[in-house]
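S.K.: fold the following for me, if possible:
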Amino acid sequence: MRRPSAWMLTTLTLSFVALGHATVLAATQNQPATYTVRPGDTLYRLAEARHLPLAALELANPQLSNPNEIVAGQQVALPTAYAVQPGDTVDLIAKAHDLASSAILQANPGINPLDLMIGQTLYLPIPAGSASAQAPTAGSSSTGGAAATPGSSTAPQQASRAQLRQDILAYAKSFLGTPYCWGGDSPKTGFDCSGFVAYVFGHFGMKLPRESHDQATVGAPVSVSNLEPGDLLFFTDTDSYASLYPNHVTHVGIYMGNGAMIESSSAHNGEGVVIVQNVFQNPYYVAHYYGARDVIGS
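M.R.: Residues are numbered from 1 along each chain as shown. Coordinates of the predicted model:
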């Protein structure tokens with residue numbers, strides 16, 4: 001059963017930088033912590049030269065009595081670059097780094113806190129390389145940057161992620177029966193497969209790329225045996241559209257657990273958003289299966 005019309009995707013592509021956790025650590029740990037002022041420097045020129053928000057640079061240097069007057073030889077702290085991770089919100093990032101949400105918003109003028117994109121760089125108004133500037137890890141406190149002590153539990157964080165996964169599925173199921181629309185990305189227009197996924201995850205502050213072949217580069221790969229509800233399942237095809245993409249991915253759905261998937265497709269008599277049971281027992285899906293990605297985290 002071929003379904004090229006179900007897996008055609010809009011040609012509008014949003015540029016996306018997929019950064020893994022190791023990359024985030026490198027960004028926070030290896031970036032220069034300070035800059036030695038040279039003759040003629042100003043904070044404005046320094047911010048422009050390093051592509052930093054001026055507000056972040058000023059907030060990272062509260063010791064400067066007058067930010068407009070810096071002198072050669074003076075040490076200026078550089079703000080911490082942080083790459084947005086799956087599931088991040090401004091509030092969660094702020095708590096993990098002992099900051100106020102308002103400070104992050106002030107340091108990054110123009111960002112939309114409800115529209116963060118995975119891999120997007122934010123600048124935290126704390127000196128790079130400081131103890132509290134490390135990216136949160138699975139062993140980090142949910143309210144600060146310090147690592148968990150031996151014997152401490154990450155159960156609250158895990159429970160929160162598990163609940164988020166269930167919330168995502170519940171929200172996705174609220175669109176059952178929404179008609180399929182090639183290039184559609186909202187309930188008003190109808191959804192194509194990747195538009196549906198992007199819309200659902202966007203509701204929870206997770207900005208995914210618009211097209212399925214790009215979504216297949218986000219997050220971490222997951223084996224079939226380790227799938228969790230909320231993971232993304234990707235499928236390939238051999239039509240002319242698939243040949244445009246290196247990975248040939250043309251379709252995506254959201255894993256629900258117990259072998260089920262929720263997707264938007266023009267198949268199923270044009271029903272649109274449907275639940276497909278026994279995905280890994282279906283010869284068609286098995287033959288075209290590309291892989292799965294976890295964009296939520298554990």
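S.K.: distance-wise, check Lys95 relative to Pro86.
M.R.: Distance, Lys95 to Pro86, using C-beta to C-beta, to the nearest Å: 17 Å. C-betas here are computed from N, CA, C, even on glycine.
S.K.: look at these two and report which has more neighbours.
M.R.: Pro86 (23 against 18; other C-beta atoms under 10 Å).
S.K.: where does the more buried one land in three-state SS?
M.R.: Counting by DSSP: H, G, I helix; E, B strand; the rest coil, the backbone at Pro86 sits in coil.
S.K.: measure the closest residue to it other than its chain neighbours to Phe201 for me?
M.R.: If the residues on either side of it in the chain are set aside, Pro86 comes closest to Val295, at 4.5 Å by C-beta to C-beta, 6 or more residues apart in numbering. Distance of Val295 to Phe201, computed by C-beta to C-beta: 7 Å.
S.K.: also Ile93?
M.R.: From Ile93 across to Phe201, the span is 17 Å (C-beta to C-beta).
S.K.: tell me, what's the model's pLDDT at the residue nearest to the spatial centre of the chain?
M.R.: Against the mean C-alpha coordinate of the chain, by C-alpha atoms, centre = their mean, the closest residue is Ile118 at 2.5 Å. Ile118 is assigned a pLDDT of 87 by the prediction.
S.K.: and Asn258, by the same measure?
M.R.: You'll see Asn258 listed with a pLDDT of 94.
S.K.: which residues does Val76 bridge with?
M.R.: Here Val76 sits in beta bridges with Tyr35, going by DSSP bridges.
S.K.: you'd agree it is up against Tyr35?
M.R.: Yes: counting by C-beta atoms under 8 Å, Tyr35 is a contact partner of Val76 at 4.9 Å.
S.K.: what touches both of these two?
M.R.: Residues touching both Val76 and Tyr35 (C-beta atoms under 8 Å, 6 or more residues apart in numbering) are Leu46.
S.K.: what sits against the residue nearest to Pro86?
M.R.: Going by C-beta under 8 Å, 6+ apart, Val295 touches 86, 118, 201, 206, 208, 215, 218-219, 231-232.
S.K.: so after the longest helix along the chain, what's the next helix or strand?
M.R.: Using DSSP state H, we find that the single longest helix of the chain is helix 155-173. Downstream of helix 155-173, the first helix or strand assigned by DSSP states H and E is strand 185-186.
S.K.: count of residues packed around the closest residue to Ala55 other than its chain neighbours?
M.R.: Closest residue to Ala55 apart from its sequence neighbours, by C-beta to C-beta, 6+ apart: Ala107 at 5.3 Å. Ala107: 25 surrounding residues under other C-beta under 10 Å.
S.K.: so who does Ala107 touch?
M.R.: 53, 55-56, 59-60, 79, 122-125.
S.K.: nearest to Ala287 among these?
M.R.: Using C-beta to C-beta, Leu122 is the member of the contacts of Ala107 that sits closest to Ala287, with 41.6 Å.
S.K.: quick one: contacts for the closest one?
M.R.: Shown in contact with Leu122 (C-beta under 8 Å, 6+ apart): 81-84, 93, 104, 107-108, 111, 116.
S.K.: and those residues as a markdown table, adding distance to Gly253?
M.R.: Formatted as a markdown table, the contacts of Leu122 follow (distance: C-beta to C-beta, whole Å):
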| residue | distance to Gly253 |
| --- | --- |
| Ala81 | 34 |
| Tyr82 | 31 |
| Ala83 | 27 |
| Val84 | 24 |
| Ile93 | 29 |
| Ile104 | 34 |
| Ala107 | 38 |
| Asn108 | 34 |
| Ile111 | 30 |
| Leu116 | 24 |
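S.K.: in TSV: those residues, plus distance to Ala267 and secondary structure.
M.R.: As requested, the contacts of Leu122 are arranged in TSV below (distance: C-beta to C-beta, whole Å; DSSP: H, G, I helix; E, B strand; the rest coil):
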residue	distance to Ala267	secondary structure
Ala81	44	strand
Tyr82	41	strand
Ala83	37	strand
Val84	34	coil
Ile93	40	helix
Ile104	44	helix
Ala107	47	helix
Asn108	43	coil
Ile111	39	coil
Leu116	33	coil
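S.K.: buried ones among those residues?
M.R.: 81-84, 93, 104, 107-108, 111, 116 (16 or more other C-beta atoms under 10 Å).
S.K.: what about stretch 67-77, start to end distance?
M.R.: Terminal residues of stretch 67-77 lie 12 Å apart, using C-alpha to C-alpha, to the nearest Å.
S.K.: same check, this time on stretch 277-285
M.R.: For stretch 277-285, the end-to-end distance is 11 Å (C-alpha to C-alpha).
S.K.: fine by me, thanks again.
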